[in-house]
Every structure is written in structure tokens, then in C-alpha cells.
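Novice: any chance you could fold what I've pasted below:
(one chain, ligands or ions: 2)
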Amino acid sequence: MSERLRVAMPKGRIYNKAAELLRAAGLPVPPEGEEGRKLVIPIPEANMEFILAKPVDVPTYVEYGAVDIGIVGKDVLMEEGRDVYELLDLGIARCRMSVIGLPGWQPGIQQRVATKYPNVASQYFREQGQQVEVIKLNGSIELAPLIGLADRIVDMVETGQTLRENGLVEQSQIFEITSRLVANRVSYRLKNKEIQTLCDALYQVIGSPAGL
Ligand SMILES: Nc1ncnc2c1ncn2[C@@H]1O[C@H](COP(=O)(O)OP(=O)(O)OP(=O)(O)O)[C@@H](O)[C@H]1O
Ligand SMILES: O=P(O)(O)OC[C@H]1O[C@H](OP(=O)(O)OP(=O)(O)O)[C@H](O)[C@@H]1O
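Specialist: Residues are numbered from 1 along each chain as shown. Ligands and ions are numbered 1, 2, ... in the order given. Prediction:
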């Protein structure tokens, strides 16, 4: 295990919001892209090292201890089901996971649901006592009901713009999503002081209790 606290940052949508929070907590985190294509960014002033990962892979790096802590959306945590320790709700990248369909949708005999989140969707419909076939897609999920691949979708809604522009409606909300700070269980014990110091600094910025 390296001396430095190793932090997995998700590339893309969350990165700049998370970097802003970390900067407010006193860490000199560079804006996305400033380091070119580099994937490991040392922050020697804070005795840390940032790695830039695809969002869906963050819990994997954390569970295996390749990094000590990471920032990731609750959607990914629910879908991946990795054994990580959820430390803090950062309150950023807020949206919700919803069931979406065409207006006037009626349940048929064979229901198909397209989603990027097959585990979340399967569990939700099982709990609802609804039998559905879940089809995994990787993006542009709203396309599926428009062209007849699926009856409904399970996807994220933030402003609702994507739904409006494609003539879709939200049928039900499954859960709220925000980004979370998560830790490897062993790192949390062995590097407790460093991790707790960071949690406390973030807590000062976001103003909610450290530890969920
Ligand atoms: N419309 C949205 N509004 C707010 N937060 C969102 C929205 N879409 C996604 N998120 C949050 O941001 C996280 C990362 O989304 P992003 O689109 O950057 O990743 P991704 O879908 O894995 O991207 P890609 O597959 O293109 O790398 C999601 O896991 C979710 O927590
Ligand atoms: O309610 P809104 O503000 O419109 O945001 C919701 C959209 O944002 C996400 O897509 P993303 O931009 O990640 O693209 P994707 O289709 O590649 O997943 C999500 O999958 C929705 O399509």
C-alpha cells in the first residue's frame, strides 16, 4: 500500500464539481484536462495521488484497494454492488433514477425495459412484483422506447430536458442520486487519520455530518 493517499476521481461530468469541492476543502486539484492525457496526477503538497477513472470503474478500484478512496455516483454504487465503505454524501451531480415511458403506456404481456443499470432495474421490478425482460444498453437510453426496442426505460433524470425533447414521461422515481465519497475498508483503518482529516475538511464545505 502506497504512503500517499490514493484517490480515484471519475472522468467526465462529476470531475469538475468534485474538484471544486476538494479545492474548497483546501486541496490543489487541477481542472480536468490541465494534465493532458495523464491518468495519475500526484498532489505532493497534500501527500496524495489522484487517478482518473471511468466513473463505473471507481468502486472496483476502491474495493480492490488499488486506491484508498474514490468519488462516485450513488447510481454506480447501487448497480455495481461493490464492497466499499460509503463515507460522505457530497451532494453534487444530483439527479434521480426513474422509470420512463411513452405517455399513455399500458402494460402488455411481454414487457421489455432498456437500461444502463440492469441490476438496479431487475431488483426494482422484482420488488414491484412485475415480470420484465431487462435489456442492457450503454447510452442514449431514451431511444429504446421511441423505436420499439423496449416498452420502458430505467434511467437518470436531472432537468427532464431529455425526456421532454423526446416526448417521454417519468412514471415513477426509484431513488435520488448524488455523488459519494467511498473508501476501501482496509485503507479506512490503516489511513484513518488522513481519510478522516479529508472528511472533516469536506464536511466543513458541504455542511452535513461526516459519515453516513
Ligand atoms: N444528467 C445528469 N445530471 C446529473 N448527474 C448525472 C447526470 N447523468 C449522470 N449523472 C451522474 O454523473 C455520473 C457520471 O456520469 P457521466 O455521464 O460522466 O458518466 P458515464 O455515463 O459513465 O459516461 P461515459 O460512459 O460517457 O464515460 C453518473 O454516474 C451520475 O451519478
Ligand atoms: O434530465 P436531463 O437533464 O436531460 O439529464 C438526463 C440525461 O443525462 C444522462 O445522459 P448522458 O448525458 O450521460 O448521456 P448518455 O445518453 O450517453 O448516457 C441520462 O442518461 C439522461 O439521458
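
Novice: pick out the residue of this protein closest to ligand 1.
Specialist: Closest contact between the chain and ligand 1, by Cβ to the nearest ligand atom, is at residue 73 (2.0 Å). Where C-beta positions appear, they are placed from N, C-alpha and C, glycine not excepted.

Novice: got a pLDDT number for that residue?
Specialist: In this model, residue 73 is scored at 98, pLDDT.

Novice: beta partners for it?
Specialist: residue 179 (DSSP bridges).

Novice: show me what contacts it?
Specialist: Contact partners of residue 73, counting by Cβ atoms under 8 Å, 6 or more residues apart in numbering, are 10, 14, 55, 93, 177-180.

Novice: just put those in CSV and tack on neighbour count.
Specialist: Below are those laid out as CSV (neighbours: other Cβ atoms under 10 Å):
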residue, neighbour count
10, 23
14, 21
55, 22
93, 23
177, 20
178, 15
179, 27
180, 23
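
Novice: and the closest residue to residue 202 other than its chain neighbours, what does it touch?
Specialist: Once flanking residues are discounted, residue 202 sits nearest to residue 25: 5.0 Å by Cβ to Cβ, 6 or more residues apart in numbering. By Cβ under 8 Å, 6+ apart, the contact set of residue 25 is 198, 201-202, 204-205.

Novice: could I get those as JSON lines with pLDDT, neighbour count and distance to residue 63?
Specialist: As requested, those are exported to JSON lines (pLDDT from 0 to 100; neighbours: other Cβ atoms under 10 Å; distance: Cβ to Cβ, whole Å):
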{"residue": "198", "pLDDT": "96", "neighbour count": "26", "distance to residue 63": "19"}
{"residue": "201", "pLDDT": "95", "neighbour count": "16", "distance to residue 63": "24"}
{"residue": "202", "pLDDT": "96", "neighbour count": "22", "distance to residue 63": "21"}
{"residue": "204", "pLDDT": "93", "neighbour count": "12", "distance to residue 63": "28"}
{"residue": "205", "pLDDT": "94", "neighbour count": "16", "distance to residue 63": "26"}
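
Novice: contacts for the longest strand seen in the chain next, please.
Specialist: Longest strand in the chain by number of residues (criterion: DSSP state E): strand 169-177. By Cβ under 8 Å, 6+ apart, the surrounding residues in contact with strand 169-177 are 73-75, 78, 93-103, 105, 120, 124, 152, 154, 156-157, 160, 163.

Novice: and residue 76, what is it in contact with?
Specialist: The contact partners of residue 76, by Cβ under 8 Å, 6+ apart, come to 55-56, 58-59.
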